[in-house]
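Peer 1: Please work out how this folds:
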Amino acid sequence: MRLTIALGGNAILKPGQEGTAAEQMNNVYQSCLQIGELAALGHEIVITHGNGPQVGNILLQQAAANNIPALPLDFCGAQTQGFIGYMIQNSLLNVFKDKKINIHSTSVVTQVLVDQNDSAFDKPSKPVGPFFDKKHAQKQEREKGEKWIEDSGRGWRRVVPSPRPLKIMEKDLINDLIENNRIVIAAGGGGIPVVEKENELKGVEAVIDKDRAGCILAQNTASDFFLILTDVDNVMINYGTAEEEALGQISIKEIEKHLAEGQFGKGSMAPKVESAVKFVRDGGEKAVITSLNKVIDAVKGEAGTIIYKD
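Peer 2: Numbering: from 1, shown residues only. Reported below is the predicted structural model:
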């Protein structure tokens with residue numbers, strides 16, 4: 001099958017880690033061991049990934065730098081696509097050498113089209129970057145027109161729009177690479193958000209949800225299976241109660257009922273479920289949400305929350 005695999009943040013940086021290059025490379029290598037198993041079975045593979053902590057570190061470094069102009073978010077996203085893509089490529093190359101498999105991978109710096117009239121631009125909601133005090137936040141709002149919010153008692157953070165992705169701009173290139181037996185790493189961090197103005201593409205200060213972008217990537221590459229890998233084996237309902245239940249194979253109709261009931265966190269599991277549902281509803285064979293260590297069984301239909309047509 002052709003698989004689009006969305007790697008969660010724990011595949012690159014685990015909670016409690018400092019985020020050193022060595023830590024991140026080791027995490028990515030362990031993830032690529034699983035992907036190598038899938039490649040050895042003959043599956044075509046497209047990979048996408050998160051970049052939240054990495055962009056956050058870049059923004060923190062910029063804030064600490066003196067007299068060095070800060071880069072906008074689209075530049076920061078492109079930067080992380082490059083070095084995370086390198087880590088995945090390097091790890092896959094070493095895994096395939098060990099397995100004596102002649103498959104190559106490549107990263108594509110990926111632009112994702114969004115609608116300049118998306119209502120998200122009127123209501124910035126996605127926190128980015130480090131925490132600051134209120135005085136700093138007010139100064140940024142006053143001098144740069146940024147939007148800042150107090151975040152859960154931990155300090156003030158900038159918030160930016162999170163528009164919905166419409167199209168992978170490099171989709172033809174990505175498909176050409178897949179047809180030539182390449183594993184492609186694309187749309188990292190949700191992709192670089194661009195809008196079309198006067199027949200030109202322009203990067204914007206926004207963050208696209210990585211799972212929503214992963215869904216578009218899976219559709220644009222005619223993938224059979226969309227896999228969203230996170231830090232839990234299954235999607236749960238009644239989470240944290242005596243009635244807690246892990247969802248296995250489930251229809252679109254049934255899981256949408258749970259969505260409507262508010263069973264899934266708006267900023268965490270809900271976008272994953274919505275993205276998986278969209279992929280299947282729009283013609284994909286099936287989608288799964290599970291943990292990295294269950295990915296082999298999930299492809300076989302034996303693990304995870306597997307969403308299928310009604």
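Peer 1: Report the contact partners of the residue nearest the centre of the chain.
Peer 2: Closest to where the C-alpha atoms of the chain average out (CA atoms, centre = their mean) is K210, at 2.9 Å. Contacts for K210 (CB atoms under 8 Å, 6 or more residues apart in numbering) come out as 6, 48-51, 187-190. The C-beta positions use only the backbone N, C-alpha and C, and glycine is treated the same way.
Peer 1: Among these, find me the one that's closest to V114.
Peer 2: Distance to V114, by CB to CB, is smallest for G190 among the contacts of K210, at 9.9 Å.
Peer 1: any idea how far the closest one is from I228?
Peer 2: According to CB to CB, to the nearest Å, G190 and I228 sit 13 Å apart.
Peer 1: after the longest helix seen in the chain, next one along is what?
Peer 2: Assignment by DSSP state H gives helix 73-99 as the longest helix of the chain. Per DSSP states H and E, the first helix or strand lying C-terminal to helix 73-99 is strand 104-108.
Peer 1: buried ones in the longest helix of the chain?
Peer 2: For helix 73-99, a neighbour-count test (16 or more other CB atoms under 10 Å) marks 73-74, 76-81, 84-85, 87-89, 91-92, 95-96 as buried.
Peer 1: Please apply the same query to stretch 208-223.
Peer 2: For stretch 208-223, the neighbour count (16+ other CB under 10 Å) marks 208-221, 223 as buried.
Peer 1: now do stretch 172-180
Peer 2: By 16+ other CB under 10 Å, the buried positions in stretch 172-180 come out as 174-175, 177-178.
Peer 1: Just those residues: which are in helices?
Peer 2: Among the buried residues of stretch 172-180, the ones falling in helices (DSSP H) are 174-175, 177-178.
Peer 1: between those residues, which is closest to D282?
Peer 2: Nearest to D282, judged by CB to CB, of those is N175 at 17.3 Å.
Peer 1: Name the nearest residue to the closest one, sequence neighbours excluded.
Peer 2: Spatial nearest neighbour of N175, excluding adjacent residues (CB to CB, 6 or more residues apart in numbering): T221 at 5.9 Å.
Peer 1: pretty sure the one you found is in contact with D176, am I right?
Peer 2: No. Look at T221 against D176 with CB atoms under 8 Å: they stay out of range, at 10.8 Å.
Peer 1: What is the longest helix of the chain packed up against?
Peer 2: helix 21-40, strand 44-49, helix 52-64, strand 104-108, strand 182-186, strand 192-197 (3 or more CB pairs under 8 Å, 6 or more residues apart in numbering; DSSP states H and E).
Peer 1: Which among the ones you listed is found nearest to I306?
Peer 2: Among the helices and strands packed on helix 73-99, helix 21-40 sits nearest to I306 (CB to CB), with 16.0 Å.
Peer 1: which parts of the closest one are buried?
Peer 2: Buried-residue list, helix 21-40, by 16+ other CB under 10 Å: 24-25, 27-29, 31-32, 34-36, 38-39.
Peer 1: ranges for the helices of the stretch 151-300 of the chain?
Peer 2: With helices called from DSSP state H, counting those that start in this stretch, the stretch 151-300 of the chain shows them at 171-179, 210-220, 252-260, 269-281, 295-299.
Peer 1: would TSV of the ones you listed with distance to G155 and mean pLDDT be doable?
Peer 2: Below are the helices of the stretch 151-300 of the chain laid out as TSV (distance: least, CB to CB, whole Å; pLDDT from 0 to 100):
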stretch	distance to G155	mean pLDDT
helix 171-179	39	97
helix 210-220	24	97
helix 252-260	32	94
helix 269-281	24	96
helix 295-299	36	94
